[in-house]
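> sequence first, predicted coordinates after that:
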Amino acid sequence: MTGKWTPELQLRESGGRCRLILAGVTYGNGDTLQEAGNDLLARLFDLATGLFSGQTRVSSALGRPDPRVLEFLWELGETVANGGDIRPRVLGIPVQRQPLD
């Protein structure tokens with residue numbers, strides 16, 4: 001992966017459920033790690049596309065946001081807008097596409 005900053009990814013388990021936390025950004029919950037990952041990616045997709053399209057604004061009441069987080073979300077939004085996949089950037093795992101038969 002590139003030398004770009006990526007928020008820390010944490011895994012927590014409680015009561016047989018998983019929570020994946022992208023520190024300082026958002027989280028995903030699920031009964032399995034896969035479900036938690038899917039939930040995290042869906043939340044990130046919404047945050048990133050909202051920010052990139054101008055539909056989401058950062059409230060000054062929350063204080064000054066971390067510029068690294070904004071840059072990260074902007075990059076994800078740009079990736080989505082160009083038809084790309086955010087999974088490799090978020091999870092650091094290359095995604096191999098399988099041809100359809």
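Good, I have the coordinates. This structure is a prediction, so every number in the text was calculated from the model and none was measured.

> CA atoms for contacts and neighbours, from now on please.
Noted.

> what about the strands in this structure?
Ranges of strands within the chain are 9-14, 17-22, 26-30, based on DSSP state E.

> tell me which residues in the last one are buried?
For strand 26-30, the buried set under the neighbour-count rule, 16 or more other Cα atoms under 10 Å, comprises Tyr27, Gly28, Asn29, Gly30.

> if we can go back for a sec, reformat the strands of the chain as CSV; add mean pLDDT.
What follows is those, written out as CSV (pLDDT from 0 to 100):
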stretch, mean pLDDT
strand 9-14, 94
strand 17-22, 95
strand 26-30, 96
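
> among the ones you listed, which comes closest to Thr49?
The closest of those to Thr49 is strand 26-30. By Cα to Cα, the value is 14.3 Å.

> can you say which two of the buried residues of strand 26-30 are spatially most distant?
Tyr27 and Gly30 (10.4 Å).

> next, count neighbours for the closest residue to Ala81 other than its chain neighbours.
Residue nearest to Ala81 in three dimensions, not counting chain neighbours: Thr49, with 7.6 Å by Cα to Cα, 6 or more residues apart in numbering. Around Thr49 there are 21 other residues, counting by other Cα atoms under 10 Å.

> how much space separates the residue nearest in space to the middle of the chain from Ser14?
Residue closest to the average C-alpha location in the chain (Cα atoms, centre = their mean): Leu44, at 3.7 Å. Distance of Leu44 to Ser14, given as Cα to Cα, to the nearest Å: 22 Å.
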